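J.: predicted model follows, preceded by the sequence.
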Amino acid sequence: MLPWLNLGLPRTTSPAQTNHALNLSSYLARLVASGQATSRSELARVTGLARSTVSEHLLPLLRIGLIAEHEAEAGARGRPPSVLTLNPQAGVILAADIGAAKGRLAIADFGQHFIVERSIQTDVARGPDTVLAEVRTAFLQMLAERQIDARNVRLIVVGLPAPVDFASGMPVRPPIMPGWDNYPVPASFQQEFSAPVLVDNDVNLMALGEARCRPATQCPLLYVKASTGIGCGIVTHDGQLHRGADGAAGDIGHVRVPGHEEPCRCGAYGCIEAFASYGAILRKVGGDVGGDPGEAQLSALVRTAAGEIGEVIAMLVHFFNPAVIVLGGRMTQFGDEMLAGVRSVVYRRALPLATRKLSVELSTLGNRAGIIGAVVLGVEHVLSPQGLRSMMPTTE
């Protein structure tokens, strides 16, 4: 089993805004999950609610097995208090971070443990039917290897390198994914699994993973992925993903840069992704996304591309005023060149007020950022009122 991950504090709502019983149960579950309150008395103290009210709204969480209560180790005096934790046995989350050429799958429990994790080849150009069938087969194999019944899967989270309508779970006109436009990704899992399916842009998941593995003071956070394409994930000051009205927020790869007329796969010209992405760099040297051209040649091209990307990031700094900018994706394998190229432009072009405390750094999670973010999104969805409602018996 992989190490437990400290995923930070999920967003909570004050008791004054949680009149609905399910909302209040969700609020208590999130406090337990974050470690802010791990006993009934601590929940009463943190929330200001009466202990009887806390017990009343904990009861449904205990009944469905989401929260476990057990005695703590005996102290020097008195009866040891009962400790509340998320119950790792309450079910599992399946997470898939599907990249343009490679992907990563994981099974995690509600206690935020990664039970098993696996890398796969994806090549999304083969189409959704083929790729998603392989993902489903791999999930079933992973469950069987760990002797986990598929009926214990409570939620599936899928990240795609594409604009995604989060409400429907469908990709929308993805430039690098032929055949995926408006494909019903959630429905494709229903034959093997009865669990709900969440689908999001892969960079959103990377941003969420990075944000939850850092102190809350490092938000707002921008995660910029420079790989086959270029994208940005935005985590707000209160720790929430900002997807925009339709899920298109952060799609910076198609920002037009003056002075460039390179054709882009989206049909436009001069998009930053068309000339400064890792895919564009490989095309310049006659390679492909899966190839391995000379490092010296790539390093110089990456440094130049990083400066171009830095110009776009500088505009984002003025707009969002982030505390941290995190760089990820395949271009960060040339860490010094990528970091120096972006930093030099951002600190030179953005105003001092926006950069005096700004940190620009490489991802701490590397190629696991997306899969960790998928698990974060899954756990926080399970703890939400909507997630709790799906776990409640229909008679309640």
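T.: That came through, no problem.
J.: ok, longest helix in the chain?
T.: Ranked by residue count under DSSP state H, the longest helix found in the chain is helix 295-320.
J.: and it, what does it pack onto?
T.: strand 221-226, strand 230-235, helix 272-276, helix 278-284, strand 324-328, helix 335-349, helix 352-355 (3 or more Cβ pairs under 8 Å, 6 or more residues apart in numbering; DSSP states H and E). Backbone N, C-alpha and C define where each C-beta goes, glycine included.
J.: Val157 falls within a helix, correct?
T.: No. Going by DSSP: H, G, I helix; E, B strand; the rest coil, the assignment for Val157 is strand, not a helix.
J.: does the closest residue to it other than its chain neighbours sit in a helix or strand, and which one?
T.: Leaving out its chain neighbours, the residue that sits closest to Val157 by Cβ to Cβ, 6 or more residues apart in numbering is Ala374, at 4.2 Å. For Ala374, the host element (DSSP states H and E) is helix 369-383.
J.: model confidence over the next helix or strand after that helix, on average?
T.: Using DSSP H and E, the helix or strand that follows helix 369-383 in sequence is helix 385-391. The pLDDT scores in helix 385-391 average 89.
J.: the domain parsing of the chain - what is it?
T.: 15-89, 90-205+370-391, 214-363 (automatic domain parsing).
J.: which strand residues bridge Val360?
T.: Under DSSP bridges, the beta-bridge partners of Val360 are Ile325.
J.: kindly compare burial across the domains of the chain and name the winner.
T.: domain 90-205+370-391 (a mean of 20; mean count of other Cβ atoms under 10 Å).
J.: and that one, how far out from the chain's middle?
T.: On the basis of Cα atoms, centre = their mean, to the nearest Å, domain 90-205+370-391 is displaced by 11 Å from the centre of the chain it belongs to.
J.: what stretches of this protein score poorly on pLDDT?
T.: Residues of the chain that meet the criterion pLDDT under 70 lie in 1-19, 73-80, 287-294, 394-396.
J.: still on that earlier bit, next, the angle strand 230-235 makes with the longest helix of the chain.
T.: Interaxial angle of helix 295-320 relative to strand 230-235 (axes from the mean of the first three to the mean of the last three Cα atoms, to 10 degrees): 40 degrees.
J.: center of this structure, which residue is that?
T.: With the centre of the chain defined as its mean C-alpha position, the nearest residue by Cα atoms, centre = their mean is Leu205, 1.9 Å away.
J.: Gly370 is in contact with that one, correct?
T.: Yes. Leu205 is within contact range of Gly370, at 4.7 Å (criterion: Cβ atoms under 8 Å).
J.: need the overlap of contacts for these two.
T.: Residues touching both Leu205 and Gly370 by Cβ atoms under 8 Å, 6 or more residues apart in numbering: Asp97, Gly159.
J.: what are the phi and psi values for Val92?
T.: Per-residue torsions, Val92: phi -130, psi 160 (degrees, to the nearest 10).
J.: which residues are in contact with it?
T.: Listed by Cβ under 8 Å, 6+ apart, the contact set of Val92 reads Ile107, Ala108, Asp109, Phe110, Ile115, Ile148, Asn152, Val153, Arg154.
J.: look up how far Ser25 lies from it.
T.: 21 Å (Cβ to Cβ, to the nearest Å).
J.: ok, Val342 next?
T.: Separation of Val342 from Ser25 (Cβ to Cβ): 44 Å.
J.: same question, Ala167
T.: Distance from Ala167 to Ser25, by Cβ to Cβ: 24 Å.
J.: please name the nearest non-neighbouring residue to Arg175.
T.: In this structure residue 175 is Pro, not Arg. Per Cβ to Cβ, 6+ apart, closest to Pro175 is Arg265, 4.0 Å.
J.: cool, and Asp109?
T.: Nearest to Asp109 is Pro88, by Cβ to Cβ, 6+ apart, at 4.2 Å.
J.: now the end-to-end length of stretch 286-304.
T.: One end of stretch 286-304 sits 17 Å from the other (Cα to Cα, to the nearest Å).
J.: thinking again about what came up before, what's the spacing between the residue nearest to Pro175 and Ala125?
T.: 11 Å.
J.: try Ala300
T.: Distance, Ala300 to Ala125, by Cβ to Cβ: 29 Å.
J.: again with Leu362
T.: Leu362 sits 28 Å away from Ala125 when distances are taken as Cβ to Cβ.
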